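J.: A structural model of the following input is requested.
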Amino acid sequence: MHKVQCMIKRERIRILEYFQDHDILRKGYLPHQKFRSVLHSQKIDLTTEEFARLENYYALPDDRTLVNYKTFCDEIDAIFTAVDIEKNPCKRPATFIPPSILDPKDYLTPDEEVELDALLQRLGVYVKNNRLLIKPYF
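T.: Here you go, the predicted model:
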């Protein structure tokens, strides 16, 4: 779920509108194939196992072949704003903090820090002497 939220947040997609294009009667649920096709059309690439987990989690209790996209979209859209913000305009929505890819236990040893500092110093001298532009203008 975090993977999908990160993709949606990065691309700033309001996914509900794309699901509603496939649900003419606005029932709030779609077959598995249409659910996958909407996510594929928005370039949310997941593995088959991840799609299966999403479909099983959001499947309707009485018909497991249908996916409740409305609940899915409500949980996804929570990264942008709170659901009941109209009723309580002073409410502050929670900020979405994506999971970090960095390991918090991954620190450099003092020897590695010295080696890294020496490497950065050599790189700085090389860039300065050769007048290289590290950061482009655009």
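J.: going by C-alpha atoms from here, please, whenever you check contacts or count neighbours.
T.: Fine.
J.: helices and strands around the helix or strand of the chain with the lowest mean pLDDT, which ones?
T.: Least confident helix or strand of the chain, by mean pLDDT, DSSP states H and E, is helix 2-11 with a mean of 81. Here helix 2-11 touches helix 69-77, going by 3 or more C-alpha pairs under 8 Å, 6 or more residues apart in numbering; DSSP states H and E.
J.: and the angle from the helix it packs on to helix 2-11?
T.: Relative orientation of helix 69-77 and helix 2-11, computed by axes from the mean of the first three to the mean of the last three C-alpha atoms, to 10 degrees: 70 degrees.
J.: send the alpha carbons of helix 69-77 over as CSV?
T.: Extracted in CSV, the C-alpha atoms of helix 69-77 (Å, rounded to 0.1, in the frame of the first residue of the first chain):
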residue,chain,number,x,y,z
TYR,A,69,-12.3,0.8,-5.6
LYS,A,70,-14.1,3.5,-3.6
THR,A,71,-12.5,2.3,-0.3
PHE,A,72,-9.2,1.9,-2.0
CYS,A,73,-9.3,5.5,-3.3
ASP,A,74,-10.4,6.9,0.0
GLU,A,75,-7.4,5.4,1.7
ILE,A,76,-5.1,6.5,-1.1
ASP,A,77,-6.5,10.1,-1.1
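J.: hey, which helix is longest across this protein?
T.: helix 110-130 (DSSP state H).
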